[in-house]
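Asker: Make a model of this:
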Amino acid sequence: MKKIQKIVIVLFLWLVMPQKVYGEPLDNIWTNQLDTMDFSSINQTVTHIKSQTDNPYLREFNFKETMTKAIKGQLDLSITGIFKGILNVLFYEIRGFSGLIGKLLVISMLCALLSNLGESFQSKSTSQVGFYTCYIVLIIILLQSFQIAIEVASRTVESMVLIMQSVLPMLLTLMITSGAVASGRIFEPIVVFSVQIIAMFIKSILLPIIFLTAILAIVNSLSDKGVLRKMIELLNQITDWTLKGISLLFVGIMGFHGLTAPILDGVMNRAAKSAVGVVPVVGEALSGAVDIVMNCSLLIKNAIGAGAIVLLCIYCFIPIIKMLAFLFVYKLLAALIEPISDKRIINCISDMGDSATRLFGVLVTVSFLFIVTITILVGIGSMAAMMR
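Answerer: Below you'll find the predicted structure:
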């Protein structure tokens, strides 16, 4: 009996004495999860984009490294550096248009000279022939430059869709593993369908409408009467209303579901934790382990969202600045030649600037919608985690 008492006392003392227990560091958990993920689709998209553009900011971009920096809080996002980068690219693009500016200035001054000579020598027929010859050359140059702008816009939208298609599956999957099951299921069809429809609509309808508007503006400038002015205004209004409508509808749908889905996720997560917690002996340990895994998935999901936003911003940065340079050059030319050139040429170049402004609006709108989409998905997952 005394031996049993001694054994019980020894066991009791051993149990109450503090023991050193080493848990696995949190860094190892999310690092192991990160290593098991497949980034081949995103890497292929980044490689494809690098081959299609001369963007210097994309040359050393690595998606996984950007994610790791985002998790560790090491992303270098300086407002001053971003502002300097915008100015450098803008001035670089404007310098690239120096040849176009010179050609259009020479042709515009030549048209003005021919018109003045015709009035001086009272030979309107000769001056008109010379004017329309110069005007045809002007049209060819303007259409060639605007065709380049259309191609840049179309290629940029297509590449942004590729980025979204490579990022969204991983982002939505991690939403589910981090506890936002209902949100992931609700948003998967909405987001995938919306991205495809927006891209197809812009490439197949909006960009052709903008190009048609530019052609009508050139034709309208051939005459002083402006017989196509109302048609041009109508097409411009259709473009503006469509962009605003797409933005409001898309953000409204995403925002509405974003308010309701996290509540359902919170209820489901609490029920699951309660069910696991009632398991005898290991219930609390299992509940804590599940929480750790879900929080690490949430951390990786947020890092993927941050990496995707950085990638979109870096890629869209130069096309948007290039479009800004297009419209600036057109508007600058119209202002420079206004005192000396024919009114028809001034209106033609100014209308091309308006069309370039709408191309700029298309790129900004699509970039904004895609970035907002990723931000909402990241935010919804975080809201679901807060409600656990």
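
Asker: per-residue pLDDT, residue 85?
Answerer: For residue 85, the model assigns a pLDDT of 74.

Asker: Likewise for residue 383?
Answerer: Looking at residue 383, the pLDDT reads 60.

Asker: same check, this time on the one 5 residues further on
Answerer: For residue 388, the model assigns a pLDDT of 55.

Asker: Count residues in the vicinity of residue 234, would you?
Answerer: When neighbours are defined as other C-beta atoms under 10 Å, residue 234 has 11 of them. All C-beta atoms are positioned from the backbone trio N, CA, C, and that covers glycine.

Asker: right, and the helix or strand after the helix or strand in which it is found?
Answerer: For residue 234, the host element (DSSP states H and E) is helix 229-277. Once the chain leaves helix 229-277, the next helix or strand it forms, by DSSP H and E, is helix 283-337.

Asker: Can you list the helices and strands that whichever helix or strand comes after that next one packs against?
Answerer: Next helix or strand after helix 283-337 toward the C-terminus (DSSP H and E): helix 343-386. Judged by 3 or more C-beta pairs under 8 Å, 6 or more residues apart in numbering; DSSP states H and E, helix 343-386 is in contact with helix 98-120, helix 124-177, helix 181-201, helix 207-220, helix 229-277, helix 283-337.

Asker: what angle separates helix 343-386 from helix 98-120?
Answerer: 150 degrees (axes from the mean of the first three to the mean of the last three C-alpha atoms, to 10 degrees).

Asker: Could you check the angle helix 343-386 makes with helix 283-337?
Answerer: Taking the same axes, to 10 degrees, one finds helix 343-386 and helix 283-337 inclined to each other by 170 degrees.

Asker: Can you pull the phi/psi pair for residue 97?
Answerer: phi -90, psi 10 (degrees, to the nearest 10).

Asker: quick one, what contacts the closest residue to it other than its chain neighbours?
Answerer: Using C-beta to C-beta, 6 or more residues apart in numbering and skipping residues adjacent in sequence, the residue nearest residue 97 is residue 329, 4.7 Å away. Each residue near residue 329 by C-beta atoms under 8 Å, 6 or more residues apart in numbering is listed here: 94, 97, 100-101.

Asker: separation between residue 95 and residue 352?
Answerer: The gap separating residue 95 from residue 352 is 20 Å, by C-beta to C-beta, to the nearest Å.

Asker: Looking at the two, which has the bigger crowd around it?
Answerer: The residue with more neighbours, out of residue 95 and residue 352, is residue 352; 27 against 11, by other C-beta under 10 Å.

Asker: The more buried one and residue 238, how far apart?
Answerer: The span separating residue 352 from residue 238 equals 18 Å under the rule C-beta to C-beta.

Asker: just to revisit the earlier point, from the contacts of residue 329, which two are the most distant?
Answerer: Across these, no pair lies farther apart than 94 and 100, at 10.3 Å, counting by C-beta to C-beta.

Asker: check contacts around residue 314.
Answerer: Residue 314 touches 55, 57-58, 61, counting by C-beta under 8 Å, 6+ apart.

Asker: out of those residues, which are buried?
Answerer: 55, 58, 61 (16 or more other C-beta atoms under 10 Å).

Asker: what residues are up against the closest residue in space to residue 109 that isn't next to it in sequence?
Answerer: Once flanking residues are discounted, residue 109 sits nearest to residue 340: 6.4 Å by C-beta to C-beta, 6+ apart. Listed by C-beta under 8 Å, 6+ apart, the contact set of residue 340 reads 108-109, 112.

Asker: for the residues you listed, which one is nearest residue 40?
Answerer: Set against residue 40, the nearest of the contacts of residue 340 by C-beta to C-beta is residue 108 (52.7 Å).

Asker: Would you confirm that that closest one contacts residue 344?
Answerer: No - contact criterion C-beta atoms under 8 Å: residue 108 and residue 344 do not qualify, at 10.7 Å.

Asker: Give me the more crowded residue out of the two.
Answerer: Just comparing residue 108 and residue 344: by other C-beta under 10 Å the higher neighbour count belongs to residue 108, 25 against 17.

Asker: Name the helix or strand for the closest residue to residue 306 other than its chain neighbours, please.
Answerer: Once flanking residues are discounted, residue 306 sits nearest to residue 70: 4.0 Å by C-beta to C-beta, 6+ apart. Secondary structure assignment for residue 70, by DSSP H and E: helix 63-72.

Asker: just to revisit the earlier point, would you format the contacts of residue 340 as TSV with pLDDT included?
Answerer: Shown next, in TSV, are those (pLDDT from 0 to 100):
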residue	pLDDT
108	79
109	80
112	73
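
Asker: Can you add distance to residue 378 and give these back as a markdown table?
Answerer: Output for those, formatted as a markdown table (distance: C-beta to C-beta, whole Å):
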| residue | distance to residue 378 |
| --- | --- |
| 108 | 50 |
| 109 | 54 |
| 112 | 56 |
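
Asker: and which of those residues is nearest to residue 158?
Answerer: Closest to residue 158 out of the contacts of residue 340 is residue 108 (34.9 Å), distances taken as C-beta to C-beta.
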